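Engineer: Need the 3D shape of this:
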Amino acid sequence: MSTDSLDTLAARMQHITYTIIRSYELCDQWVIVPHGLTVSQGYTLLTFHPQEAVSMSDLSESMGLANSTMTRMVDQLVRRGLVQRKPDDRDRRVILVGLTSKGREVRSALEMEFQEFFKLVLQEIEEEERSAVLDAMEKMFDAVGKVASACEL
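Structural biologist: Take a look at the predicted model:
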């Protein structure tokens, strides 16, 4: 068993995580920007279910953004013809937002291109190690989530 201190391991984890994030940000540029979208717009499209509309408050919550910020983002996507607003049939005070057919096409393309990127990443990992790597990533995700929620950042 390794005798690395918690400080050493934390520094290593920090470096690896930062490097992965920076590399993934480059992937965002390769996948999303060629569609004429900002990264934020691309991730907003990916948040939508292809066939379902959601309320603005639900969309804001799922994106972790303030309603005012989400409203500006949706305004941009409406102008581009990628999403549409409509009143909720059950409660006319609620505005639902959903993808247009063009929005569904772009969302589908983004999903497929990200899937291809991750296939290439997985091909760089030995086949017998892939599940273990993904299991470790899930554990890290869970741990970061627990610590972050306890911090109430």
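
Engineer: what's the single longest helix in this structure?
Structural biologist: Longest among the helix segments of the chain by residue count, using DSSP state H, is helix 6-31.

Engineer: Val33 and Ser60, how far apart?
Structural biologist: To Ser60, Val33 is 24 Å away according to Cβ to Cβ, to the nearest Å. For glycine as for every other residue, the C-beta is placed from the backbone atoms N, C-alpha and C.

Engineer: Of the two, which one has the most company?
Structural biologist: Ser60 (19 against 13; other Cβ atoms under 10 Å).

Engineer: can you give me the strands in the protein?
Structural biologist: With DSSP state E as the criterion, the chain has strands at 54-55, 83-87, 95-99.

Engineer: For the longest helix of the chain, buried residues please.
Structural biologist: Of the residues in helix 6-31, Asp28, Val31 count as buried by neighbour count, 16 or more other Cβ atoms under 10 Å.

Engineer: same thing with stretch 84-103?
Structural biologist: Result for stretch 84-103 [16+ other Cβ under 10 Å]: buried residues Ile95, Leu96, Val97, Gly98, Leu99, Gly103.

Engineer: Point out where the protein drops to low pLDDT.
Structural biologist: 1-3, 152-153 (pLDDT under 70).

Engineer: and the residue nearest the centre of the chain, what does it touch?
Structural biologist: Centrality entry for the chain: nearest residue to the mean C-alpha point is Tyr43, 5.2 Å, by Cα atoms, centre = their mean. By Cβ atoms under 8 Å, 6 or more residues apart in numbering, Tyr43 lies in contact with Ile32, Met63.

Engineer: try 6 Å
Structural biologist: Applying Cβ atoms under 6 Å, 6 or more residues apart in numbering to Tyr43 gives no contacts.

Engineer: Surely Leu99 is in contact with Thr47?
Structural biologist: No - using Cβ atoms under 6 Å, Leu99 makes no contact with Thr47, being 10.3 Å away.

Engineer: what's the farthest-apart pair in the buried residues of stretch 84-103?
Structural biologist: Greatest spacing in those, by Cβ to Cβ: Ile95 and Gly103 (16.3 Å).

Engineer: In CSV, list the strands of the chain along with distance to His15.
Structural biologist: Output for the strands of the chain, formatted as CSV (distance: least, Cβ to Cβ, whole Å):
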stretch, distance to His15
strand 54-55, 37
strand 83-87, 38
strand 95-99, 38
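
Engineer: To Gly145, which of those strands lies closest?
Structural biologist: Gly145 lies closest, by Cβ to Cβ, to one member of those: strand 54-55, at 22.4 Å.
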